[in-house]
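Whatever this is, show me its structure:
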Amino acid sequence: MAEMDYSKIPKEKFELIGHQDAAESEKIAAPSLTFFQDSWRRLKKNKAAVISLVILGLITLIAFGAIWLSPKDPTKQNVQFANLPPKIPGISVDGFNGTTLVRGQRVDKYEQVGVPEDVYFILGTDSLGRDLLSRIFMGTRASLIIAFVAAILDLSFGVTYGLISGMKGGRVDSIMQRILEVLSGIPNLVVMILFLTIFKPGILTIILAMAVTGWITMARIVRAQTLKIKDQEYVLAATTLGQSQISIALKHILPNISSVVIVQMMFSIPTAIFFEAFLSFIGLGLTPPNASLGMLLSEGYKLFRFLPHLMWAPAIVLSVIMICFNLLADGMRDAFDPKMKD
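Residues are numbered from 1 along each chain as shown. Model (predicted):
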């Protein structure tokens, strides 16, 4: 078989395959992202966390916007309109049309007590004739304020205490940890009762009670992360170059543990909401005419057999808020984890 003469083939027929110049081969295809930009990209892939974030944003906006746009005055009493069932205009479904069962017969309560036709209460009224929907807006606002302030206090005290304990180490760290052990052994309910003997019941008292022991978990987490990071090479290099411990803590350690701090703060918010609801439910929370979700639950369960909507409405709002915060915190934990695969 005769060999083919490749010298007669034109050069135009040849094409280099897989050839790239140096600039093209070193070109970065995707744009560079910061740590928080990459975390946000990961968070957006978690549908449950994104939906929870949207729901929480709407609840917060409505709760605080209700200060100016509340359907009715949440503290105004009208005994004539007490214990009215929910009524939504244009809806004839039993339970939402202003009717209720009385001795086995469905009766229009609004017509019985002489409520004007243009007056209605979407979620009904309580035993003093106050609009339940407006009370829920007011209670949600109070619960969120308490939760956010408690989270900020946890962030401030816990991070500061944990950084100092972890950076100092040695005897200072041992003494500071023994103080934490003593504080963690004090039940929150005992602290709350002690504060009630000093201060009047209210938002300030609940926040102070939470501030006494609520930051302990944050302090321990920050201390553990500080002990882990302070032996890294870049921290040792900064120490060798003469940077102070305060500068190292603020410029090197704190930015690297910020993801852990943010996630822990997100988990502390639903804990604070539940603690406030529990205190209000047992009568140690806010005082009337103020309202919180826990207080509304406490008032509603007394009439649950006859007027279940008084308890169901605030219970659903409280459950949605706590579930959304937990789902958002789970999503943020996965998003901030650098080992999490896409």
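
pLDDT weak spots in the stretch 1-150 of the chain?
Along the stretch 1-150 of the chain, the model assigns pLDDT under 70 to residues 1-9, 11-33, 35.

So which residues of it form helices?
Using DSSP state H, counting those that start in this stretch, the helices of the stretch 1-150 of the chain run over 22-25, 35-44, 47-69, 109-112, 132-153.

Deepest in the core, which of the ones you listed is it.
Highest mean neighbour count among the helices of the stretch 1-150 of the chain (mean count of other Cβ atoms under 10 Å): helix 132-153, with a mean of 23. In this view, the C-beta of every residue, glycine as well, is placed from N, C-alpha and C.

Quick one: closest of the helices of the stretch 1-150 of the chain to residue 260.
Proximity to residue 260 (Cβ to Cβ) singles out helix 35-44 among those, at 12.2 Å.

other SSEs contacting the closest one?
Counting contacts by 3 or more Cβ pairs under 8 Å, 6 or more residues apart in numbering; DSSP states H and E, helix 35-44 packs against helix 47-69, helix 309-336.

Which of the ones you listed sits closest to residue 175?
Comparing the helices and strands packed on helix 35-44 by Cβ to Cβ, helix 309-336 comes nearest, at 31.5 Å.

Mean confidence (pLDDT) on the closest one, please.
Regarding helix 309-336, the rounded mean pLDDT is 87.

quick one, it and helix 35-44 angle?
With axes from the mean of the first three to the mean of the last three Cα atoms, to 10 degrees applied, the angle from helix 309-336 to helix 35-44 works out at 130 degrees.

Show me what helix 309-336 is packed up against.
Counting contacts by 3+ Cβ pairs under 8 Å, 6+ apart, helix 309-336 is packed against helix 35-44, helix 47-69, helix 132-153, helix 258-281, helix 293-301.

Generate CSV for those, with distance to residue 111 as supplementary columns.
Putting the helices and strands packed on helix 309-336 into CSV (distance: least, Cβ to Cβ, whole Å) gives the following:
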stretch, distance to residue 111
helix 35-44, 51
helix 47-69, 29
helix 132-153, 20
helix 258-281, 35
helix 293-301, 25
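
Which one, of the ones you listed, ends up nearest to residue 215?
helix 132-153 (6.5 Å).

Relative to the whole chain's centre, how far out is whichever helix or strand comes after the closest one?
Using DSSP states H and E, the next helix or strand after helix 132-153 towards the C-terminus is helix 159-168. Here the centre of helix 159-168 is set off from its chain's centre by 25 Å, with Cα atoms, centre = their mean, to the nearest Å.

on that earlier part again, want to try CSV for the helices of the stretch 1-150 of the chain, with distance to residue 88 as columns?
Below are the helices of the stretch 1-150 of the chain laid out as CSV (distance: least, Cβ to Cβ, whole Å):
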stretch, distance to residue 88
helix 22-25, 64
helix 35-44, 35
helix 47-69, 17
helix 109-112, 12
helix 132-153, 11
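
Looking at those, which is nearest to residue 226?
helix 35-44 (18.4 Å).

Tell me the gap between that closest one and the middle of its chain.
18 Å.

swap in stretch 211-229?
19 Å.

For stretch 291-309, what is the spacing between the initial and final residues?
This stretch, stretch 291-309, spans 17 Å end to end (Cα to Cα, to the nearest Å).

excluding its backbone neighbours, what's nearest residue 108?
Distances taken as Cβ to Cβ, 6 or more residues apart in numbering place residue 99 nearest to residue 108, at 5.2 Å, with adjacent residues excluded.

Next up, the contacts around that neighbour.
Neighbour list for residue 99: 85, 106, 107, 108, 109 [criterion: Cβ atoms under 8 Å, 6 or more residues apart in numbering].

And those, which is closest to residue 215?
Distance to residue 215, by Cβ to Cβ, is smallest for residue 85 among the contacts of residue 99, at 44.1 Å.
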